[in-house]
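>>> pasting the structure only:
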C-alpha cells in the first residue's frame, strides 16, 4: 500500500488547479469532501506522469474522468450507496459524452492501477467495508487481519499491508 502524494510539478500546477476547481465544485454540490480529497490525489498523480495525460484534453473532460474513475472504484453508481450519482448525470454536468468520459475514465484507472477494492483509491469511510484491504496470507492461509492479534495487525501495518491497525482504531 502506498501513500498518494499531493505534490504537483510546477509546470502542471495551472492545469491541476483548473481541473481541481471543477472537481471540487462537483464534489461540493453532489458528493463529499472525501471524493474531493481523493480527486485531488488522482489529479496530482496524473500531473506527475511523464508526459502527463492531462495535457491531451480539456479540463471538463478530465474532471469527469477522474470523478468517474473514483466513482467506479467506490461504487458511486450503485443506487444503494451514499453518496450516489448516475454516470450519465456526471458526464452531463461537465458537458461531455458518455463514451468520451468512459474512455478517459478507463485511461485514468489504467494509468494509476485503479480497480474496485484499490486500497489507495478507496474512500476513507469505506475502508472498513473493503474486505480485500484486510486479507493477508499468514503461514500459507488467507486470513482477515482484523481478526488477528494486535501484534500481527501492527506488523502488517508496519509493512504497509493495511491502512491502519484495526484493534487500535476500535479502542479509540
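Received the coordinates, thanks. In this text the structure is predicted, and so the values were computed from the model without any measurement.
>>> The helix or strand hosting residue 29: which residues count as buried?
With secondary structure defined by DSSP states H and E, residue 29 is part of helix 13-30. Residues of helix 13-30 classed as buried by neighbour count (16 or more other CB atoms under 10 Å): 15-16, 18-20, 22-24, 26-27, 30. All C-beta atoms are positioned from the backbone trio N, CA, C, and that covers glycine.
>>> Repeat that for stretch 32-41.
Buried positions in stretch 32-41, judged by neighbour count with 16+ other CB under 10 Å: 34-41.
>>> Pass me the low-pLDDT residue ranges in this protein, would you?
Applying pLDDT under 70 to the chain flags residues 1-4, 170-172.
>>> From the centre of it, point out the most distant residue.
Among the residues of the chain, the one whose C-alpha is farthest from the average of all C-alpha positions is residue 139, by CA atoms, centre = their mean at 31.0 Å.
>>> From residue 93, how far off is that residue?
Using CB to CB, to the nearest Å, residue 139 is found at 50 Å from residue 93.
>>> With residue 50 instead?
When residue 50 is compared with residue 93 (using CB to CB), they lie 30 Å apart.
>>> Neighbour count for the two, which is higher?
residue 93 (18 against 5; other CB atoms under 10 Å).
>>> Quick check, the more buried one in contact with residue 64.
Yes. Checked against CB atoms under 8 Å, the pair residue 93 and residue 64 is within contact range at 7.4 Å.
>>> which SS state does the residue nearest the centre of the chain fall under?
Centroid check for the chain by CA atoms, centre = their mean gives residue 121 as the closest residue, at 2.6 Å. Following DSSP: H, G, I helix; E, B strand; the rest coil, the label given to residue 121 is coil.
>>> residues in contact with it?
By CB atoms under 8 Å, 6 or more residues apart in numbering, the contact set of residue 121 is 38, 42, 69-70, 73-74, 112, 114.
>>> how's this protein carved up into domains?
When the chain is parsed with automatic domain parsing, its domains come out as 10-124, 134-171.
>>> okay, these, which one's buried deepest?
Highest mean neighbour count among the domains of the chain (mean count of other CB atoms under 10 Å): domain 10-124, with a mean of 18.
>>> For residue 28, see how far away the residue nearest to the centre of the chain is.
In this view, residue 121 and residue 28 are 20 Å apart by CB to CB.
>>> do residue 142 as well
40 Å.
>>> Can you convert the buried residues of helix 13-30 into a markdown table and add a column each for distance to residue 163?
Listed next are the buried residues of helix 13-30 as a markdown table, based on distance: CB to CB, whole Å:
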| residue | distance to residue 163 |
| --- | --- |
| 15 | 29 |
| 16 | 25 |
| 18 | 31 |
| 19 | 26 |
| 20 | 24 |
| 22 | 28 |
| 23 | 23 |
| 24 | 24 |
| 26 | 26 |
| 27 | 21 |
| 30 | 26 |
